[in-house]
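> below are the sequence and a predicted model; questions follow.
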Amino acid sequence: MMPPLETQDLARRLLAHEAAAGKASERTEPAAFRVCEKLRPHLCALAGVAGYRSLLSRALTLARPEAPSLSAVQVTADGSLQGLGGLAPQVDKERVGKDGVLLVAHLLGLFVDFIGAALTLRLVQDVTPHLGVTAKSDSPIPVETILQEVNALNNVSERLESLADQRPFVEDALMSISGNIRSIAAVLEVLVLVKNKSTERLNELGIPASIN
């Protein structure tokens, strides 16, 4: 299954930006590896290291059938990528670039499924503020949309907790991911409320309105 064209386009823009911005000393690594490395701490904050590693591994699995240069690539314990040094000589740089777009597109697509499009775009904005990533309307993401994503995150957290009760052998991992998601949802809600000076809701949460 190929990622949506808009997700592929976003991945292509991220890699092009990284290729242009990268220092000469960094260019021995593919732009896709560098993009994933820049996204990694932000995505780990959302899903935890184990959750991010699992999603990156899934993205790699989805990309490999159409991406021969990724056949030797592996995900390390901390969520980094390694193994491109084992490429066959006939795999050229253009092929590596196309395969990298596919890998990053699959990773972004999984996070869109996981945390929603609005929050994924906001995360990309934070990582590459000069790229000018915007919502489809080419306007800032509305507050209401972000709060809908907060509710979606809380729902995901609840579903993971329910799954943890049913699957004791992965209970600790699921509960850890659930806790990370719930914490991010809470922080995101507070940031939105503070920015929009929602005093009443802040008081309901026990947060002093003076922090506005």
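Thanks, I have it.

> tell me where this structure has helices.
Assigned by DSSP state H, the helices in the chain fall at 5-21, 31-63, 93-115, 117-127, 143-166, 171-195, 199-204.

> residue 82: which of these is closest?
With CB to CB, the closest approach to residue 82 among the helices of the chain belongs to helix 31-63: 8.5 Å. Where C-beta positions appear, they are placed from N, C-alpha and C, glycine not excepted.

> so how far is that closest one off the chain centroid?
For helix 31-63, the gap between its own C-alpha mean and the chain's C-alpha mean amounts to 7 Å (CA atoms, centre = their mean, to the nearest Å).

> domain-wise, how is the protein divided?
Partitioning the chain according to automatic domain parsing yields domains covering residues 5-131, 143-211.

> which of these is buried the deepest?
Ranked by average neighbour count under the criterion mean count of other CB atoms under 10 Å, the domains of the chain are headed by domain 5-131 at a mean of 18.

> start and end of that domain, how far apart?
18 Å (CA to CA, to the nearest Å).

> picking that back up, format the helices of the chain as JSON lines; extra columns: mean pLDDT and distance to residue 72.
Converted to JSON lines, those look like this (pLDDT from 0 to 100; distance: least, CB to CB, whole Å):
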{"stretch": "helix 5-21", "mean pLDDT": "88", "distance to residue 72": "20"}
{"stretch": "helix 31-63", "mean pLDDT": "85", "distance to residue 72": "11"}
{"stretch": "helix 93-115", "mean pLDDT": "85", "distance to residue 72": "12"}
{"stretch": "helix 117-127", "mean pLDDT": "80", "distance to residue 72": "26"}
{"stretch": "helix 143-166", "mean pLDDT": "80", "distance to residue 72": "32"}
{"stretch": "helix 171-195", "mean pLDDT": "72", "distance to residue 72": "27"}
{"stretch": "helix 199-204", "mean pLDDT": "53", "distance to residue 72": "51"}
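
> those helices: which one's closest to residue 80?
The closest of these to residue 80 is helix 31-63. By CB to CB, the value is 6.7 Å.

> which secondary structure elements does that closest one contact?
Using 3 or more CB pairs under 8 Å, 6 or more residues apart in numbering; DSSP states H and E, the elements in contact with helix 31-63 are helix 5-21, strand 74-75, strand 81-82, helix 93-115, helix 117-127, helix 171-195.

> so which of those comes closest to residue 68?
Between residue 68 and those, the tightest spacing by CB to CB is seen for helix 93-115, at 7.1 Å.

> that older thread, adding distance to residue 74, write the helices of the chain out as a markdown table.
Compiled in a markdown table, the helices of the chain are given as follows (distance: least, CB to CB, whole Å):
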| stretch | distance to residue 74 |
| --- | --- |
| helix 5-21 | 20 |
| helix 31-63 | 8 |
| helix 93-115 | 13 |
| helix 117-127 | 23 |
| helix 143-166 | 26 |
| helix 171-195 | 20 |
| helix 199-204 | 45 |
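
> mind checking which of those helices is nearest residue 83?
Shortest separation from residue 83 across those is recorded for helix 31-63, at 10.0 Å, computed as CB to CB.
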